[in-house]
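Asker: Sequence plus predicted model, see below.
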Amino acid sequence: MRNTKYIIFIVCAYFMMALPFLGMIFWPTNETTENTELAKWPSILEDGKWNERYLSDVGAYFEDHFAFRQELVTINSFLRGKILKESTTKQVIVGKNDWLYYGGTLNDYKGENLMSQRELHMLAHNLKLMQQYVESRGSRFVLTIVPNKNSLYDENMPYYYQKGRESNLKNAAEFFEENGIAYLDLYKIFKEKEEVLYFQRDSHWNNQGALLAYNALMNYLGKNHETYLNVPYHTEVSHEGDLDKMLYPLATMLEEEYVYDKEWNYDYVNDVRDNMEDWIETENAGKEGVLLMFRDSFGESLLPFVAEEVGKGYFSRLVPYNLTQIEQYKPNYLVIEKVERNLIDFVKKAPIMQPMQVENMSGPEVESDSLIETEKQGSYLMIRGEVDHTYIYDHTELYISIRNEQTSEIKTYPVFYTLTGNEEKNGYQIYLKGNGMSKGKYHINVMAQDLGRTIIVDSTDVVWE
């Protein structure tokens with residue numbers, strides 16, 4: 001009898017352990033609330049050769065797709081989060097009083113692994129080129145950075161995380177001022193408010209936070225607008241937090257959201273399922289002005305307030321930013337909204353635009369371990385590469401000159417700076433309009449300038465057809 005009980009126990013134990021695997025036949029997990037992409041079933045062969053990672057890739061597939069994953073993740077997260085006050089994922093920080101914070105903000109919060117002086121210079125340089133381009137087309141430029149939740153509301157962060165004295169946002173703001181960037185400081189505006197304007201279990205602001213940002217933006221642009229001070233509102237317990245869904249996918253706690261009791265007058269021009277679409281066009285016949293906004297997920301709740309105040313609104317989440325849309329839509333205002341934790345994005349990809357031409361310059365050629373490549377992308381010539389760190393200092397400026405070999409005409413442009421993943425390389429990228437180039441051969445020089453000295457660090461030839 002005792003042996004029978006043991007056998008039954010062992011069989012049941014093996015069945016429970018095998019159930020997530022066997023259940024994949026009927027109940028595979030094909031969706032996730034985590035901010036990751038589910039692993040795909042691997043191929044045994046890659047490029048005609050044995051895939052050496054096959055077994056580990058199969059393991060990764062099982063980890064993402066085993067049956068009842070969401071249920072088991074929720075139970076595990078609930079037990080560890082509620083009892084041990086720990087998170088089961090690096091993407092979510094479990095704070096005090098049931099507060100959740102996004103793990104991707106931790107370095108900003110602690111003041112660790114911050115952008116270097118060179119990277120901050122790159123950031124300000126790129127934004128300055130964008131602002132010059134926008135203003136040269138007759139549009140008003142404004143940059144605004146949305147603070148991380150724990151930058152504003154840190155009292156519920158775990159005690160073992162100490163807030164640093166510096167942050168990328170604080171350091172970048174100084175560079176914005178030095179370089180004359182039209183910058184709307186939302187951190188200062190939010191800090192002056194006593195009420196909490198972000199969700200407890202979400203990384204974003206609530207509708208009152210979006211309203212505060214909207215009013216600040218309209219004031220900054222000098223545009224008359226509805227302030228909503230006299231618009232009635234009610235609250236609904238209806239918001240499901242993004243961090244809550246990551247941590248407890250099947251046991252989220254709805255939060256209170258503010259809903260303004262008014263009839264919206266703007267209409268969507270294109271097909272829009274929700275305000276997280278990559279491209280949204282709006283119109284309001286009762287308003288004037290055209291606005292083009294490059295935004296992120298914080299723009300979801302900001303969009304209705306802004307769209308209500310402009311005749312035509314264009315809202316993009318697409319990267320890289322296509323600033324040439326200024327010539328198509330001719331906006332009165334161009335707004336760039338970016339969350340603090342993603343400031344580094346400004347030096348990852350260059351926007352699609354041709355910077356303002358500068359005076360030609362010359363200098364000696366030097367031997368360097370630099371790289372340059374060219375590529376035709378639609379109607380643009382894209383030039384990118386990496387410059388040997390030997391010739392790069394904190395405030396070194398980079399340029400490219402392009403000489404028409406048929407006419408000997410030379411044009412010189414500043415480039416956008418990009419990170420390459422190689423600490424000993426400094427990336428750059430630029431788009432040149434192909435319609436401004438005649439067919440033929442061109443010679444390209446890459447130049448570095450510091451303390452008034454200019455040198456040529458790389459060169460190549462390209463044929464434009």
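Answerer: All right, it came through fine.
Asker: any idea which residue sits dead centre in this protein?
Answerer: The chain has Asn342 as the residue nearest its centroid, 4.9 Å off, counting by C-alpha atoms, centre = their mean.
Asker: Could you find the closest non-adjacent residue to that one?
Answerer: Sequence neighbours aside, Asp296 is the residue nearest to Asn342 in space, at 6.9 Å (criterion: C-beta to C-beta, 6 or more residues apart in numbering). For the C-beta atoms, the positions are set from N, CA and C on the backbone; glycine is no exception.
Asker: Please tell me I have it right and that neighbour contacts Glu337.
Answerer: Yes: Asp296 is in contact with Glu337 according to C-beta atoms under 8 Å; the separation is 6.6 Å.
Asker: So for those two, which sits in the more crowded spot?
Answerer: More crowded of Asp296 and Glu337, by other C-beta atoms under 10 Å: Glu337, with 22 against 18.
Asker: coming back round to it: the residue nearest to the centre of the chain contacts Arg295, doesn't it?
Answerer: No: the criterion here is C-beta under 8 Å, and Asn342 misses it with Arg295 at 11.5 Å.
Asker: need the contact list for the nearest residue to Leu152 once chain neighbours are set aside.
Answerer: Excluding its sequence neighbours, the residue lying closest to Leu152 (C-beta to C-beta, 6+ apart) is Phe190, at 5.4 Å. Residues near Phe190 by C-beta atoms under 8 Å, 6 or more residues apart in numbering: 147, 152, 197, 209, 212.
Asker: so which strand or helix has the residue nearest to the third one when sequence neighbours are not counted?
Answerer: The one in question is Leu197. Distances taken as C-beta to C-beta, 6+ apart place Gly209 nearest to Leu197, at 3.4 Å, with adjacent residues excluded. Element membership for Gly209, per DSSP states H and E: helix 207-221.
Asker: And the helix or strand just after that helix, what's buried?
Answerer: Downstream of helix 207-221, the next assigned helix or strand under DSSP H and E is strand 233-239. For strand 233-239, a neighbour-count test (16 or more other C-beta atoms under 10 Å) marks His239 as buried.
Asker: Tell me if Tyr399 really is in a strand.
Answerer: Yes: assessed by DSSP: H, G, I helix; E, B strand; the rest coil, Tyr399 belongs to a strand.
Asker: Please spell out which residues along the helix holding Gly209 are buried.
Answerer: Buried residues in helix 207-221 (16+ other C-beta under 10 Å): 207-218, 220-221.
Asker: And the average pLDDT for it is what?
Answerer: Summarised as a single mean, pLDDT over helix 207-221 is 98.
Asker: Give me the three-state assignment for the residue nearest to Leu152.
Answerer: helix.
Asker: And Asp108, by the same measure?
Answerer: Asp108 - assigned by three-state DSSP - is helix.
Asker: Find the helix or strand that the closest residue to Lys96 other than its chain neighbours is a member of.
Answerer: Distances taken as C-beta to C-beta, 6+ apart place Asn156 nearest to Lys96, at 4.4 Å, with adjacent residues excluded. According to DSSP H and E, Asn156 maps onto no helix or strand at all.
Asker: which residues do Asp296 and Glu337 both contact?
Answerer: Counting by C-beta under 8 Å, 6+ apart, the shared contacts of Asp296 and Glu337 are Val146.
Asker: who's the spatially closest residue to Ser362 that is not a sequence neighbour bridged to?
Answerer: Ranked by C-beta to C-beta, 6+ apart and with sequence neighbours excluded, the top spatial neighbour of Ser362 is Thr454, at 6.8 Å. Judged by DSSP bridges, the bridge partners of Thr454 are Gln449.
Asker: so what pLDDT did the closest residue to Thr252 other than its chain neighbours get?
Answerer: With sequence-adjacent residues excluded and distances taken as C-beta to C-beta, 6+ apart, Thr252 is closest to Asp244, at 4.3 Å. For Asp244, the pLDDT comes out at 91.
Asker: same thing with Asn224?
Answerer: Confidence at Asn224, expressed as pLDDT, is 96.
Asker: Could you check how many residues crowd around it?
Answerer: Residues lying near Asn224 (other C-beta under 10 Å) number 9.
Asker: Now do the contacts for it.
Answerer: Met218.
Asker: and if you look at the one 10 residues further on?
Answerer: Contacts for His234 were tallied using C-beta under 8 Å, 6+ apart; they are 258-259, 261.
Asker: redo that, cut-off 10 Å
Answerer: Counting by C-beta atoms under 10 Å, 6 or more residues apart in numbering, His234 touches 257-261.
Asker: Reformat those as TSV; add neighbour count and pLDDT.
Answerer: Compiled in TSV, those are given as follows (neighbours: other C-beta atoms under 10 Å; pLDDT from 0 to 100):
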residue	neighbour count	pLDDT
Glu257	17	97
Tyr258	17	97
Val259	12	97
Tyr260	16	96
Asp261	8	95
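Asker: Greatest separation within those residues: which pair is it?
Answerer: For the contacts of His234, with distances taken as C-beta to C-beta, the pair at the greatest spread is Glu257 and Asp261 (13.3 Å).
Asker: Let me know whether Glu236 touches Asp261 as I believe.
Answerer: No: here Glu236 does not reach Asp261: they are 11.4 Å apart, not a contact under C-beta atoms under 10 Å.
Asker: Find residues that contact each of the two.
Answerer: By C-beta under 10 Å, 6+ apart, no residue touches both Glu236 and Asp261.
Asker: Show me what secondary structure element comes after the lowest-mean-pLDDT helix or strand in the chain.
Answerer: Ranked by mean pLDDT, DSSP states H and E, the weakest helix or strand in the chain is helix 69-79, scoring a mean of 54. Where DSSP H and E defines the elements, the next helix or strand beyond helix 69-79 is strand 92-94.
Asker: Would you give the sheet partners of that following strand, along with the direction of each?
Answerer: Paired neighbours of strand 92-94 in the sheet (DSSP bridges): strand 100-102 (antiparallel).
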